[in-house]
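Enquirer: what follows is a predicted structure for the sequence shown.
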Amino acid sequence: MGPHAERVALPGRRNVLLRPIQPQDAEAEQAFVAGLSLAARHFRFHVGLRQLSPAMLRQMTEIDHRDHVALVAVADAPAEPRRIVADARYVRLADAPTEAEFAIAVADDWQSLGLGRTLMDRLARHARGQGLHALVGDVLPENRRMLVLMRGLGATTRPHPDGPQMVQAVFPLQSGMPQEIRPASPSPSY
Ligand SMILES: CC(C)(COP(=O)(O)OP(=O)(O)OC[C@H]1O[C@@H](n2cnc3c(N)ncnc32)[C@H](O)[C@@H]1OP(=O)(O)O)[C@@H](O)C(=O)NCCC(=O)NCCS
C-alpha cells in the first residue's frame, strides 16, 4: 500500500495533489523528466539523459508500492491537468532491506515553494511506517540546494564509498538508532 493521497497548498495559490504514481502516469512522467532543466536532470540522474527509455519508464511507473514507493505531485490547476511537477521515490536495498535508496526531483518552475521538503517528509514518514531505518541517497557535492534541504530534515552526509564525485546523504528514520557505515552496494536501476 503506497502513501495516502493528500492536497497541499503552496505559496502563490499553487496547489498540488500528492499521490502514489500509477501506470497511467507514464506519459506525464516522461514529460516531467523531459521538461527538467539540464542541471536538474543531471542532479537527479547523474547522467546526461534527455528522456526515459521505455524500460526505465515502466520501472518508474509500474511499481509494487512496497519495495519501490513513489510519490508524485500533480499540479492542481485546470490549465495543467495531470501535469506531474515533482517525483520522490525510494527503493529498498536488496542487501540491506531496512534501508532504501531515495531520489527526488521538482520541476524547475515549482522549486523553492517547499515542495521538495514536503515530499521528502511524506516519503520519510511512509518509510518509517514501513519499518525502514534509513533513507540513503547519492548527492553530487555541488548540489547545495539538496544538501541544505537534507540537513534541514536531520540528515547527515558521509563520504561516498565510490569516491569523492558523490556524497551519501543518510536520513535516519528510527530515533536513537546508531548509523552504521555500510559497504558499497550497486545502485538500483531506477
Ligand atoms: C533539490 C530539490 C529537490 C529541492 O526541491 P524544492 O522544492 O526546491 O525545495 P524546497 O522549496 O522544499 O526547499 C528546500 C530547502 O532548500 C533551501 N533552498 C531553496 N532554494 C535554495 C537555493 N537557491 N540555494 C540553497 N538552498 C535553497 C531552502 O532554504 C529550503 O530549506 P528550508 O525548507 O529549511 O527553508 C530541487 O531543487 C530539485 O529537484 N533539484 C534537481 C534535482 C535534484 O537535485 N534532486 C536531488 C538528487 S539527490
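Expert: In hand now; what should we look at?
Enquirer: neighbouring contacts of the helix or strand hosting residue 146?
Expert: In this structure, residue 146 sits in helix 144-152 according to DSSP states H and E. For helix 144-152, contacts defined as C-beta atoms under 8 Å, 6 or more residues apart in numbering pick out 43, 104, 111, 116-117, 120, 137, 139, 141, 157, 167, 169, 171. To be clear about C-beta, it is placed using only N, CA and C from the backbone, and glycine gets the same treatment.
Enquirer: near the ligand too, which of the residues you listed?
Expert: When C-beta under 6 Å from any ligand atom is applied, the members of these adjacent to the ligand are 43, 104, 111, 116-117, 137, 139.
Enquirer: tally of neighbours for the closest residue in space to residue 50 that isn't next to it in sequence?
Expert: Nearest non-adjacent residue to residue 50, counting by C-beta to C-beta, 6 or more residues apart in numbering: residue 34, 6.8 Å away. As a burial measure, residue 34 scores 12 neighbours (other C-beta atoms under 10 Å).
Enquirer: same check, this time on the one 10 residues further on
Expert: When counting by other C-beta under 10 Å, one arrives at 19 neighbours for residue 44.
Enquirer: distance check, it against the ligand.
Expert: For residue 44, the distance to the ligand equals 4 Å [C-beta to the nearest ligand atom, to the nearest Å].
Enquirer: and that residue, which of the three is it?
Expert: Assigned with DSSP: H, G, I helix; E, B strand; the rest coil, residue 44 falls in the helix class.
Enquirer: tell me how far the closest residue to it other than its chain neighbours lies from residue 164.
Expert: Nearest non-adjacent residue to residue 44, counting by C-beta to C-beta, 6+ apart: residue 105, 4.2 Å away. Shown here: residue 105 relative to residue 164, a distance of 23 Å by C-beta to C-beta, to the nearest Å.
Enquirer: list the residues that contact the residue nearest to residue 44.
Expert: Residue 105 neighbours (C-beta under 8 Å, 6+ apart): 32-33, 36, 40-41, 43-44, 86-88.
Enquirer: by neighbour count, which of the residues you listed wins?
Expert: residue 88 leads the contacts of residue 105 on contacts (other C-beta under 10 Å) with 26 neighbours.
Enquirer: confirm for me that it is in contact with residue 69.
Expert: No. Counting by C-beta atoms under 8 Å, no contact exists between residue 88 and residue 69, whose distance comes to 9.1 Å.
Enquirer: need the residues touching each of the two.
Expert: residue 123.
Enquirer: what does this structure have sitting close to the ligand?
Expert: 40, 43-44, 103-106, 111-117, 137, 139, 143-146, 148-149, 152.
Enquirer: let's see 8 Å
Expert: Contacts of the chain with the ligand, taken as C-beta under 8 Å from any ligand atom, map to 36, 39-41, 43-44, 86, 88, 102-108, 110-120, 137-140, 143-146, 148-149, 152-153, 169.
Enquirer: so where's this structure uncertain?
Expert: Residues of the chain that meet the criterion pLDDT under 70 lie in 175-190.
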